[in-house]
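Peer 1: pasted the sequence and its predicted model underneath.
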Amino acid sequence: MLYTNTLYEISTNINTGVEYEIALFYQLVSANEQQQILTAINKRADKNKILGIIKQTNITPIVVALSKRGLKLSDATFETQNDKVGPSDVVMLVSDGKKKFKIGISVKYANTCTLNVTGRRFITDAQIAELKKQLPIYTKKYIDEMTATYGNVGNWFRLRRPSETTDAFIDLIRDAVIDNWSNVGDKPTLLSAMFHSDSPIEFWVVTYMSSGYKLSTEPQTIEVRRANDVKVAKYQTSYVAFYLDNKKVGQMQVKFNNGFIEKCKKKTPDIVYEGVKMAYGQPFSSWNFSVEE
DNA sequence: GTTCCGATGGGGACTATGCC
DNA sequence: GGCATAGTCCCCATCGGAAC
């Protein structure tokens, strides 16, 4: 079913990953609607990419998964950016022969992150202030390390080079998270958001890869009423993992949003190094949360 | 020895809100 | 209004070990 703005959304939305949502949606609707959607797709600069994804999208696994539960697909809606349906980007209308109901699909491409969460949910303003105080020092260390390892700034700026300085700073943040975990209030609400237990409708996850996609009909979740039993610990270099009954149930990558040092959009750069204007990074604003597969 | 591929952690862009 | 920071969507380059 097309909402009044669906075709407009399809021809104009440029969010990253929307191509996959459009392609899957196309495959889930009637031939008549497919024609209209095709016209909308043709207005896009990336239309060829989307047509390619449509070709590689076979919905048989979805239909089979529905049929295993005695369900038939009857329609679908395009829900990109619609928080009212939870994490779903496309919603299937399905029928069990008597009644119809909705099952959503969250569409992803080659990544497992289910939510970006701000660090303020985990650490206090005082902890953040303390860490921020140290950021300029670590930024200088970062520049020194990168320069010593890779040479001119042009060789390393924004080129995804791992760094010991990043690891060290992230570690300070992880220490803060772990120190503060017992003080975090309303864990049920927090965990519920992280695991999408608060989704108003059931949802599946379709993760596209270089070829085809993987369908998960039972996204991992936890019993939210047990949120206060969840424990945290460091995991690998940059993660904080969440454990329930000693079983790892999820992990959160503590990370800078757009890099340790940002491209400078500010009028007055925090740093100018070898002529490149830079701003301090944002280490608290966009941590990656993934559920354990 | 080279290619493949999954894990890891580094990144982009946009919107909302705050502040002068 | 204009600039800055914070928050929320999201993706993928790199690397090292497995597969060939």
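Peer 2: Everything's here; your move.

Peer 1: what residues does chain A put near DNA strand B?
Peer 2: Within chain A, the positions near DNA strand B by Cβ under 7 Å from any atom of the strand are A:14, A:16, A:111-113, A:116, A:158-163, A:166-167, A:170, A:209, A:236-239, A:253, A:255-260, A:262-263, A:286, A:288. All C-beta spots, glycine's among them, are computed from the backbone N, C-alpha and C.

Peer 1: excluding its backbone neighbours, what's nearest A:Val291?
Peer 2: Spatial nearest neighbour of A:Val291, excluding adjacent residues (Cβ to Cβ, 6 or more residues apart in numbering): A:Gln220 at 4.2 Å.

Peer 1: hang on, that neighbour in a helix?
Peer 2: No: using DSSP: H, G, I helix; E, B strand; the rest coil, the secondary structure at A:Gln220 is coil, not a helix.

Peer 1: where is the longest helix in chain A?
Peer 2: If you go by DSSP state H, chain A has its longest helix at helix A:125-150.

Peer 1: spell out which parts of the stretch 1-150 of chain A neighbour DNA strand C.
Peer 2: Within the stretch 1-150 of chain A, the positions near DNA strand C by Cβ under 7 Å from any atom of the strand are A:15-17, A:20, A:83, A:87, A:89, A:106, A:108-111, A:113, A:115-120.

Peer 1: please flag which of those sit within strands.
Peer 2: Of these, the ones assigned to strands by DSSP state E are A:Ser106, A:Lys108, A:Tyr109, A:Leu115, A:Asn116, A:Val117.

Peer 1: counting neighbours, what do you get for the second one?
Peer 2: A:Lys108: 21 surrounding residues under other Cβ atoms under 10 Å.

Peer 1: filter the residues of the stretch 1-150 of chain A next to DNA strand C to the buried ones?
Peer 2: A:Tyr20, A:Pro87, A:Asp89, A:Ser106, A:Lys108, A:Tyr109, A:Leu115, A:Val117, A:Gly119 (16 or more other Cβ atoms under 10 Å).

Peer 1: from these, which is closest to A:Leu38?
Peer 2: A:Leu38 lies nearest to A:Tyr20 out of those, by Cβ to Cβ, at 16.5 Å.

Peer 1: which parts of the stretch 151-293 of chain A are strands?
Peer 2: Using DSSP state E, counting those that start in this stretch, the strands assigned to the stretch 151-293 of chain A run over residues A:203-208, A:213-216, A:231-235, A:239-244, A:247-253, A:261-263, A:271-273, A:276-280, A:287-291.

Peer 1: is stretch A:235-250 anywhere near DNA strand C?
Peer 2: No: residues of stretch A:235-250 contacting DNA strand C under Cβ under 7 Å from any atom of the strand: none, with a closest distance of 12.0 Å.

Peer 1: for that stretch, which positions count as buried?
Peer 2: A:Tyr235, A:Ser238, A:Tyr239, A:Val240, A:Ala241, A:Phe242, A:Tyr243, A:Leu244, A:Val249, A:Gly250.

Peer 1: ok, the first one - contacts?
Peer 2: A:Tyr235 makes contact with A:Ala241, A:Lys248, A:Gln251 under the criterion Cβ atoms under 8 Å, 6 or more residues apart in numbering.

Peer 1: turn the residues you listed into JSON lines, columns for pLDDT.
Peer 2: Shown next, in JSON lines, are these (pLDDT from 0 to 100):
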{"residue": "A:Ala241", "pLDDT": "93"}
{"residue": "A:Lys248", "pLDDT": "89"}
{"residue": "A:Gln251", "pLDDT": "91"}
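
Peer 1: who does the residue nearest to A:Phe157 when sequence neighbours are not counted bridge with?
Peer 2: Distances taken as Cβ to Cβ, 6+ apart put A:Val276 closest to A:Phe157, at 6.1 Å, once the chain neighbours are dropped. On the basis of DSSP bridges, A:Val276 is bridged to A:Tyr273.
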